[in-house]
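> Just need the structure, nothing else, for what follows:
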Amino acid sequence: MTRSSTFFHKAFLLIGVIFLFYNNSAFTQVDNPLYDRTPLEYYQKMNPQFFEAVVTDAEGFDDFNLGVNFAEPHLSQNPNNPLQYFGAYNINGAWRTYDGFGWTGSSPNFGTTMRGDPVTAYDSLGNLYYMNMFGSPSILGCRVIKSTDNGLTWSTPVVAINGVDKNWIAADQSAGPYSNYVYCVFTASSGGNFTRSTDFGATFTQTRNFNTQSLPGMMVAVGPNTSGGNDVPGGCVYVVTNSGSAFASTYTFYVSTDGGLNFTLKSAQNFANYVGTNVNGRNSVQNMRTRPYPFIAADNSYGPNRGRLYLIYASNFPSGNGNKPDIFLRYSDDQGVTWSTARTVNDDPNTQNHHQWHPAVWVDKTSGRIFMKWMDTRDTPTSDSAYIYATYSDDGGDTFAPNQRISTQKMRINCTTCGGGGTPRYQGDYDAIYSLNNISLSMWTDFRNGQFGSFVGYFPDFAMKAGPNTQNVENNADSAFYNVSVPAVKLYDQTVTFSASVSPTPLSGTLTIDFPDGDVLSSYPDSVRMRIRTSGFVTLGNYTITVTGSGPFGVPVHKRSVQLTVEEVIPVELISFNALADQNSVNLNWTTATELNNRGFEVERSIKIQNQLEWVTVGFVEGRGTTTEAQNYNFIDRNIDAGSYFYRLKQMDFDGTYEYSQRVEVEVLRPLDYALEQNYPNPFNPTTTINYSIPQAGAVRIALYDVLGNELKSIIDTYQDAGRYEVLLDASGMASGVYYYRIQSGEFNSTKKLMLMK
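From the prediction side, this is the model:
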């Protein structure tokens, strides 16, 4: 397909000799089905956008939006530091993170015009290799740059391999005899080339051309050599080529057991047919071009399936043009000679109703868990939109965990505003997934915003929420509490540990953050409490509290922000405090003008002993919390012996801090006459209080009688000093009715009536 007339006329204005380039087939075959390179005329118009945004759905799950690039991402993770990831999108939109959360974008210098198809790899020492096609207008080969700091700085570029289309790279992460060798494959004008580097990417040497490579989709992978009872780490270098018809691919498998120097053909397999519909010689799903690429990965773990080789691909089921594709996985235990039957990865109930395509695969070297991701239309009845889905297998590819939706929003497949071109439309040919310690990160192109969005997301994963969104706290000796929760998970079964930080740092005082009930969750859904405490009179103003939740190895990692407003302390302002004796009781009254976080008042009483005051707590009165209105309080201290007393208030905040009031003094006088007061309450059930006074020391007897004058029980019978007294009558076990109580002390006798009502 030639360039559009619009582009032709623009180019004619710029270049008077356009016809010299127009006859270059590599330049004009923008949509040649034999090539899957990025269309030149479109990538020249692409304006990459580097930004970072977290996209959170209603459940609390995150996607990370890394801006706008041009599809076809690849991703690697540093085996020595699981927090370090590096990924790249067409044409040269590179992204790196050092904490698994914050991403930085860049366009590394390859020394010439790059043409895309970025792929990446880490070796066992943490060296990062980034490969990209170069040449304009014709593809000439691939250059590789190396970084020892996760993409911050780069080595001088080297030409790693020659060819015309669809490259791939792999590095030996083992400690075997070929440790840290780097391997590259690339479709050439004839066959497919293979090169290797034995000096950490300084130079590359071609050792093989595979004549079975004619369609895009050649791939390389590294695994252990476990044949014949051996176990050679990194002892197998696998290459799969793609040939035949675009709608009936032949996958040919080769293996090298000497570090990529020599290869042996193991088998040629015809597993795949159409992927969707034949449109202009290309496989198409909803006008998005695609292809049954053979993606391979090997098990480098020391689990039960060590050395197993896996193949994942998309293909129509049932076979035939116009049907809908599924994702299939096969495995080989003899280095690709024979293969298992196909396992269907997607678990939608009726797979013939939905499209599943664009797969990627990785085998976790720590466990042997196989991670797979793909595009899926099962949530869209008209099949015009898709989500990213993923799953894993823990039994070597025989069964799969329930499929999980990774992207937080669906995307329209045929992205007419994205900037790709052709019919079917170019919207990228591959995505990526990588894992370590049983946590994977997917990197994909997302069309939800009508652009070539660059997205990443974790799996298994946990949702995270924090609230309330804002709290107010006083600037000294106060606390605010937030709830941090994991309301849902996507097959996540590890712990989540929480931490938090504050910004900006207060100029004065201290904000202390802790989790008083613990900072780790291990079952879900569940939550923790986060507390922020002020001390030392914190600078007034607004603060952002960033809460981080992370897995055991630092990933997955998610962050939530809540706001804290630090306000000036409104003290509990006491404007009056009075004490008044009433016979053998003391009435205390006080008034506050303002209160802040006032839990209440402890009432303390003391007497002077040898000029020293000894205080005891005699009661507690609840406060009004926080208020700017005047509040009145009272407390009665009953049955006080005659004497001189002091009272004070201990005002207590909810966080336990307190402050004392000024003291007041009151004199309780001795009674002048004998007295027997009416019981209270009356009627009662089953207890009531009786007060009485005696002006001089002596024997005191109080007894209870029925209406016939029969004594029923003695209430008190003892010698007492002069004073005012109180006694409790318990009538449990007695019948309802009218009774009498009588006091005798010296010459004094007095009788009162009481009523028991049950």
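> mind showing which ranges of the protein have poor pLDDT?
Under the criterion pLDDT under 70, the flagged ranges of the chain are 1-31, 34, 37-48, 569-571, 609-612.
> Next, name the residue at the spatial heart of it.
Per C-alpha atoms, centre = their mean, the C-alpha nearest to the average position across the chain is that of H558, at 3.2 Å.
> My understanding was that that one contacts M464; is that so?
Yes. Look at H558 against M464 with C-beta atoms under 8 Å: they come within range, at 4.5 Å. Backbone N, C-alpha and C define where each C-beta goes, glycine included.
> any residues in contact with both of those two?
With contacts taken as C-beta atoms under 8 Å, 6 or more residues apart in numbering, H558 and M464 have 62, 549 as neighbours in common.
> how about the strands of the stretch 151-300 of the chain, start to end?
158-162, 165-171, 182-187, 192-197, 205-210, 219-225, 232-245, 248-256, 264-269, 277-279, 282-285, 288-290, 295-298 (DSSP state E, counting those that start in this stretch).
> Quickly run through the sheet partners of the last one, with directions.
What that stands for is strand 295-298. strand 309-316 (antiparallel) (DSSP bridges).
> Can you list the neighbours in contact with the helix or strand just after the partner strand?
Remark: after strand 309-316, the chain's next helix or strand is strand 325-332, criterion DSSP states H and E. With contact meaning C-beta under 8 Å, 6+ apart, strand 325-332 is reached by 253, 271, 274-276, 285, 305, 308-317, 338-346, 351, 355-357, 359, 361, 370, 372, 374, 393, 396-397.
> Show me the helices in this protein, by range?
Ranges of helices in the chain, per DSSP state H, are 5-14, 18-22, 25-28, 40-43.
> Looking at the strands of the stretch 151-300 of the chain, which is nearest to L128?
Closest to L128 of the strands of the stretch 151-300 of the chain is strand 165-171 (C-beta to C-beta; 9.1 Å).
> tell me which strands and helices that closest one is in contact with?
The contact analysis (3 or more C-beta pairs under 8 Å, 6 or more residues apart in numbering; DSSP states H and E) places strand 165-171 against strand 114-122, strand 128-134, strand 182-187, strand 219-225.
> and of these, who's closest to T445?
Per C-beta to C-beta, nearest to T445 of these: strand 114-122, 12.3 Å.
> just how off-centre is that closest one within its chain?
The chain centroid and the centroid of strand 114-122 are separated by 29 Å, computed with C-alpha atoms, centre = their mean, to the nearest Å.
> on that earlier part again, what's the ChimeraX syntax to select whichever of the contacts of strand 325-332 are buried?
To isolate the buried ones among these in ChimeraX, judged by 16 or more other C-beta atoms under 10 Å, type:
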select :253,271,274,275,276,285,305,308,309,310,311,312,313,314,315,316,317,339,340,342,343,345,346,351,355,356,357,359,361,370,372,374,393,396,397
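> before we move on, the earlier item: give me every residue that touches the residue nearest to the centre of the chain.
By C-beta under 8 Å, 6+ apart, H558 lies in contact with 62, 101, 462, 464, 548-550.
> which among the residues you listed gets closest to Y389?
D62 (16.5 Å).
> Bridged to W95, which residues?
Beta-bridge partners, per DSSP bridges, of W95: G87, G105.
> what's around it, how many residues?
Neighbourhood size, W95 [other C-beta atoms under 10 Å]: 25.
> show me the contacts for it.
66, 85-89, 103-106, 454.
> Could you check how far it is from Q662?
With the distance defined as C-beta to C-beta, to the nearest Å, W95 ends up 66 Å from Q662.
> S501 now?
43 Å.
> who has more neighbours, the two?
Comparing S501 with Q662 by other C-beta under 10 Å, the one with more neighbours is S501, at 13 against 8.
> Just give the nearest non-adjacent residue to the more buried one, would you?
T546 (5.2 Å; C-beta to C-beta, 6 or more residues apart in numbering).
> which residues touch G397?
308, 310, 329-331, 340, 343, 370.
> Give the buried residues for stretch 236-249.
In stretch 236-249, counting by 16+ other C-beta under 10 Å, buried: 236-244, 246-247, 249.
> hmm, back to that, tell me the buried residues within the contacts of W95.
Using 16+ other C-beta under 10 Å, the buried ones in the contacts of W95 are 66, 85-89, 103, 105, 454.
> Pick the one among the residues you listed closest to N211.
A88 (30.3 Å).
> Look up how far G105 lies from that closest one.
Applying C-beta to C-beta to A88 and G105 gives a distance of 10 Å.
> Look up the residues that both of those two are in contact with.
94-95.
> Go through the contacts of W95 and name the one nearest A202.
Once C-beta to C-beta is applied, the member of the contacts of W95 that ends up nearest A202 is F86, at 19.7 Å.
> was I right about the closest one contacting G151?
Yes. Contact criterion C-beta under 8 Å: F86 and G151 qualify, at 4.8 Å.
> G320 touches T277, doesn't it?
No. Using C-beta under 8 Å, G320 makes no contact with T277, being 10.0 Å away.
> Quick check: the farthest pair among the buried residues of stretch 236-249?
Applying C-beta to C-beta across the buried residues of stretch 236-249, the maximum distance is between C236 and F247, 30.6 Å.
> Need the residues touching each of F86 and G151.
Common neighbours of F86 and G151 (C-beta under 8 Å, 6+ apart) are 94, 96, 128, 130.
> How about the third one: what's its closest non-neighbour residue?
By that I understand L128. S147 (4.5 Å).
> who touches S508 in this structure?
With C-beta under 8 Å, 6+ apart, S508 has these contacts: 536-539.
> what pairs with T497 across the strands?
Counting by DSSP bridges, the residues bridging with T497 are V520, S550.
> any idea how far it is from V486?
In terms of C-beta to C-beta, T497 sits 11 Å off from V486.
> more crowded one of these two?
The neighbour comparison of T497 against V486 (other C-beta under 10 Å) goes to V486, with 22 against 18.
> Now do the same contact list for that one.
Contacts of V486 (C-beta under 8 Å, 6+ apart): 60, 462-464, 496, 521, 524-527, 549.
> for L676, same thing?
Counting by C-beta under 8 Å, 6+ apart, L676 has contacts 690, 692, 741, 743, 750-752.
> again, 6 Å this time
L676 makes contact with 692, 743, 750, 752, according to C-beta atoms under 6 Å, 6 or more residues apart in numbering.
> what about M757, neighbour count?
Neighbours of M757 (other C-beta under 10 Å): 10.
> 48 is where my numbering starts, stick with that
Okay, residue one is now 48; in that scheme the one you just asked about reads as M804.
> That one - nearest residue in space that isn't next to it in sequence?
Closest residue to M804 apart from its sequence neighbours, by C-beta to C-beta, 6+ apart: P730 at 4.2 Å.
> okay, G367 and T324: which has more neighbours?
Neighbour tally, G367 and T324, criterion other C-beta under 10 Å: the higher count belongs to T324, 17 against 10.
> if I look at the more buried one, how far off is Y539?
T324 is 37 Å from Y539, by C-beta to C-beta.
> How many neighbouring residues does Y705 have?
For Y705, the neighbour count with other C-beta under 10 Å is 14.
> Walk me through the domains of the chain.
When the chain is parsed with automatic domain parsing, its domains come out as 78-145+164-506, 512-614, 621-715, 722-803.
> The second one spans what distance, first to last residue?
Taking C-alpha to C-alpha, to the nearest Å as the measure, domain 512-614 stretches 26 Å from start to finish.
> What of the third one?
Domain 621-715 has its terminal residues 25 Å apart, counting by C-alpha to C-alpha.
> burial count for Y766?
Neighbours of Y766 (other C-beta under 10 Å): 8.
> Correct me if wrong: it contacts V747.
No. Counting by C-beta atoms under 6 Å, Y766 does not reach V747; the two are 7.3 Å apart.
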